[in-house]
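**Q** Model the following, please.
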Amino acid sequence: MEIQSVAAGTVLEQISDHPSAVRLPTDEAQRIRRLMKSMADHLGAIASDSVLPEQPPNAFVEYLGVVADAFAAADNRETGTAGSTGRHLRQASAAEDFIRTHIREDIPIVRLCKEIGVSRRQLEYAFRTTFAVTPLEFIRALRLNEARRLLTTARADGLSVTAVAMEVGITHLGRFAANYRLFFGESPNETLQRAGRS
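**A** Just a heads-up that it's a prediction; the model follows:
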C-alpha cells in the first residue's frame, strides 16, 4: 500500500501546477468515466468487508495514470498552440519588416512568401492570427497610412497626390482614391488641401 501512496502523491504533485479542469477527447472522458464506476463498485464491495485489501484496486491505479496522461496531453496541446502562435507572430513580423522596407515596390505575395520562407497558406494564417487581415489587406492599409502621412506634409514638400501615391508603391490612382476615401472618409485631394491650409 505504501508504494501506491507514494505513486499517487507523485502524480498529484506533477499535476498540481496545472489547471483543475481539462478538456478531454470523448474517448478519454469515457475511459475515465468507466474507471470511476469500476472504482466505485470496488469500493462498495470493500466497504462491506471488514478487512481492507493490501493493494489498492487496479482501477484506482489505472485511473491515476489516465488522469496524469490527460493532464500531460492537455499541457502538450497548450505548448503546441503557444509555439504556433509565436511562430505566426515571428513570420508576420518578418513579413511586415520586409513590406515596410520595400513599400515603394510591387510586392507580390509569391515574393513575400519566398523572402520569409513560408508557403502562401502559412503566410495568410500568420497574418490572420497576428493582424486579423490578409497580407494584401495589410499591404494596402500600410500604403494608405503612409500616403496619408505624406499628404499631410506634401505642400511643404511640393508633392502632388500622384507623386505621393507613386512614392508608396500605388500605381492605380482611381483605386487609390476610392480606398483612401473608405479608410479616411475624405479624398486624398481633400487631405492635401487641408494640410496646405494649416
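
**Q** wait, what's in contact with Arg149?
**A** Residues near Arg149 by C-beta atoms under 8 Å, 6 or more residues apart in numbering: none. The C-beta positions use only the backbone N, C-alpha and C, and glycine is treated the same way.

**Q** let's see 10 Å
**A** 164, 168 (C-beta atoms under 10 Å, 6 or more residues apart in numbering).

**Q** Skipping its backbone neighbours, what lies nearest Asn145 in space?
**A** Once flanking residues are discounted, Asn145 sits nearest to Phe183: 7.9 Å by C-beta to C-beta, 6 or more residues apart in numbering.

**Q** for the one you found, what are its contacts?
**A** By C-beta under 10 Å, 6+ apart, the contact list for Phe183 reads 140-141, 144-145, 147-148.

**Q** Repeat that for Tyr125.
**A** 84, 88, 91-92, 118-119.

**Q** Going by distance to Asp157, which of the contacts of Phe183 wins?
**A** Ala147 (13.0 Å; C-beta to C-beta).

**Q** which stretch of helix or strand covers the closest one?
**A** Assigned by DSSP states H and E, Ala147 belongs to helix 135-151.

**Q** where's the residue nearest to Asn145, which helix or strand?
**A** Phe183 belongs to helix 173-184, assigned by DSSP H and E.

**Q** Enumerate the positions of that helix that are buried.
**A** Residues 176-177, 179-180, 184 are the ones in helix 173-184 that count as buried (16 or more other C-beta atoms under 10 Å).
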